Structure formats: C-alpha cells, structure tokens
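Asker: Sequence and predicted structure are below.
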Amino acid sequence: MTTTYTSYQMIAGNLSKSLERVSEQPDVARETEYYLAHIGNVKTIDDFFADTRLYNYAIKAHGLEDMGYAKAFMRKVLTEGIDTDDAFAKKLSDSRYSDLVESLNFARNGAAATSFDKAQKGVADKYARQTLEQNAGQENAGVRLALYFQRMAPSITSAFGLLADDALAQVTRTLLQMPDEFAASDIDKQAAVIEKSIDIKDFKDPAKLSKLLERFTALWEINNSSDPYDPLAVFGSSSGYGISSDLLLSINTLKLGGR
C-alpha cells in the first residue's frame with residue numbers, strides 16, 4: 001500500500017505532468033472545452049448565471065462547488081466586486097470568494113470581464129488543480145490536504161489565516177500534533193500557539209514548505225494508518241471544504257434563485 005508521503009510526492013514531484021493528465025481526462029477536457037469556447041461571449045452577470053455549465057465550471061474551479069446552489073449569495077459576491085472595503089466578498093473571511101471575483105471581475109471591468117486571460121485560461125488552470133486535489137482525496141484525504149496546503153499556504157500571512165480555513169487548520173493541528181479538541185479553544189490562544197511553533201514566512205519558501213509537508217504526510221500516515229479518515233469531515237461533499245456558520249447565516253438573509 002502506497003504511503004501518504006509517497007502518494008503526495010508522486011503528484012507534487014511533477015505537478016505540471018500531474019495536471020496535464022487530469023486535463024486530459026475526458027470529462028475534464030469536455031467541460032474545459034465548453035468553458036473556453038463560451039465564456040468570452042458572456043458580457044454580464046446575468047449572462048453568466050444563465051449558462052449553468054459555465055457557472056458550475058467557474059464555481060468548482062474556485063473550490064466553491066458546495067455553494068453552487070446559493071445563487072443569490074454568489075450574485076451578491078460578483079455584483080459588489082472587491083474594490084471597496086465594504087464589498088460583500090471583502091467582509092467574508094474565506095478568500096475563495098475574492099479569488100472568484102478576481103477571475104470574473106464584472107464589477108470592475110463590465111462587459112470586458114471575461115476577455116482577460118485570468119477569466120479564461122486562469123479559470124481552466126484552477127479547474128484542473130481543483131480536480132486533481134479532489135481525485136487525490138478519493139484515494140487518500142491526507143494527500144488532498146497536503147496538495148491544498150501546498151497551494152494555499154504561500155498566501156497566508158498570519159496564524160488567523162490558517163485558522164479561518166478548516167483544511168489549513170487541520171494540517172496545522174497535525175503538524176503541531178494537537179488534538180482536534182484544540183480547535184474548540186480560544187481563537188487567540190490557538191493563534192499564539194501556532195505563531196510560537198511555526199514561522200509563517202516559511203510558507204513562501206518552496207524548500208521549507210516541502211519539508212513541512214513531508215512532516216505532515218508522515219504524521220498523517222501514523223495518525224490514520226488504522227483509522228481511515230473521512231475526507232468529508234474537512235472538505236465537504238466535493239469541493240474545498242465545508243460551509244462555515246457565518247456563510248450559512250449570510251445565505252439565509254438572501255433569497256435563493258440568483259436574483
């Protein structure tokens with residue numbers, strides 16, 4: 001049986017080739033071809049929501065597949081953009097929403113929003129990476145966590161950034177060999193422990209990040225060798241991770257249906 005570390009290294013060791021293989025999967029290739037062929041014709045947010053395949057593709061690419069049903073919520077995210085401090089996406093601790101707006105910034109660029117490379121190839125690349133991580137998680141949740149941490153950690157600037165993301169927090173607790181109950185303690189105390197134990201700046205150094213993930217995958221293997229871990233506990237049913245309570249509260253204040 002292949003270990004978590006070996007499985008992770010097989011993917012991360014030649015990431016470009018791993019992504020290429022995913023992109024060539026018939027279902028991925030078919031949806032990507034459709035997206036690239038049609039996204040340039042989208043000129044408004046209404047156009048975007050009107051094409052379910054385009055919408056679902058972009059949402060999945062940003063790890064928001066579990067939020068696809070909340071169209072009123074997603075419309076508010078895209079409508080308000082990210083250029084003002086009081087924009088809806090900027091108020092959310094989850095950076096995936098701001099990332100979606102960066103890719104499809106109708107608020108800033110209007111009808112030209114989908115003409116940029118970040119709205120076309122950029123989204124397609126994100127879709128391939130998201131699919132790669134999901135596929136890895138079907139075999140080993142620890143590999144998916146490691147790949148996700150590798151992708152997201154370099155953008156983290158504080159311990160609170162780790163704690164705001166369930167998957168990053170899970171990796172962090174494993175690295176520090178903290179029990180899951182640690183997550184229920186005072187948030188400031190959690191942050192203090194993390195900052196004392198981990199140098200966040202190391203995440204921007206590929207060699208140091210690789211060492212951290214080597215440690216994580218080894219510890220994950222030890223902790224879960226006889227107790228298979230359920231990836232749904234951290235990642236939700238299919239995408240980035242579960243829906244937090246603050247998002248559910250926000251969704252409940254909006255009418256569903258996309259308008």
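Answerer: It's in.
Asker: So which bits of stretch 63-72 are buried?
Answerer: Residues of stretch 63-72 classed as buried: 63, 64, 65, 66, 67, 68, 70, 71, 72 (neighbour count, 16 or more other Cβ atoms under 10 Å). C-beta coordinates here come from the backbone N, C-alpha and C atoms, glycine included.
Asker: repeat for stretch 112-122
Answerer: Those would be 113, 114, 119, 120, for stretch 112-122 by 16+ other Cβ under 10 Å.
Asker: mind listing the helices in the stretch 151-259 of the chain by residue range?
Answerer: Taking DSSP state H, counting those that start in this stretch to define them, one finds helices in the stretch 151-259 of the chain at 159-163, 166-175, 187-197, 206-224, 232-235, 245-252.
Asker: Could you find the closest non-adjacent residue to residue 83?
Answerer: residue 108 (5.9 Å; Cβ to Cβ, 6 or more residues apart in numbering).
Asker: and the helix or strand hosting the one you found, what other elements does it pack with?
Answerer: Per DSSP states H and E, residue 108 falls inside helix 106-109. Packing partners of helix 106-109 (3 or more Cβ pairs under 8 Å, 6 or more residues apart in numbering; DSSP states H and E): helix 71-80.
Asker: Buried residues of the helix it packs on, list them for me.
Answerer: Buried residues in helix 71-80 (16+ other Cβ under 10 Å): 71, 72, 73, 74, 75, 76, 77, 78, 80.
Asker: My guess is residue 77 contacts residue 101. True?
Answerer: Yes - at 6.4 Å, residue 77 counts as touching residue 101 under the criterion of Cβ atoms under 8 Å.
Asker: Give the intersection of the neighbour lists for the two.
Answerer: Common neighbours of residue 77 and residue 101, using Cβ atoms under 8 Å, 6 or more residues apart in numbering, are residue 89.
Asker: quick revisit: pretty sure the residue nearest to residue 83 contacts residue 84?
Answerer: No - assessed by Cβ under 8 Å, residue 108 is found out of contact with residue 84, at 10.7 Å.
Asker: Mutual contacts of the two, please.
Answerer: With Cβ under 8 Å, 6+ apart, residue 108 and residue 84 have no common neighbours.
Asker: returning to that earlier point: send the alpha carbons of the helix holding residue 108 over as CSV?
Answerer: Output in CSV follows, covering the C-alpha atoms of helix 106-109 (Å, rounded to 0.1, in the frame of the first residue of the first chain):
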residue,chain,number,x,y,z
PHE,A,106,-17.7,42.2,-13.7
ALA,A,107,-17.9,45.0,-11.1
ARG,A,108,-14.6,46.5,-12.3
ASN,A,109,-14.4,45.5,-15.9
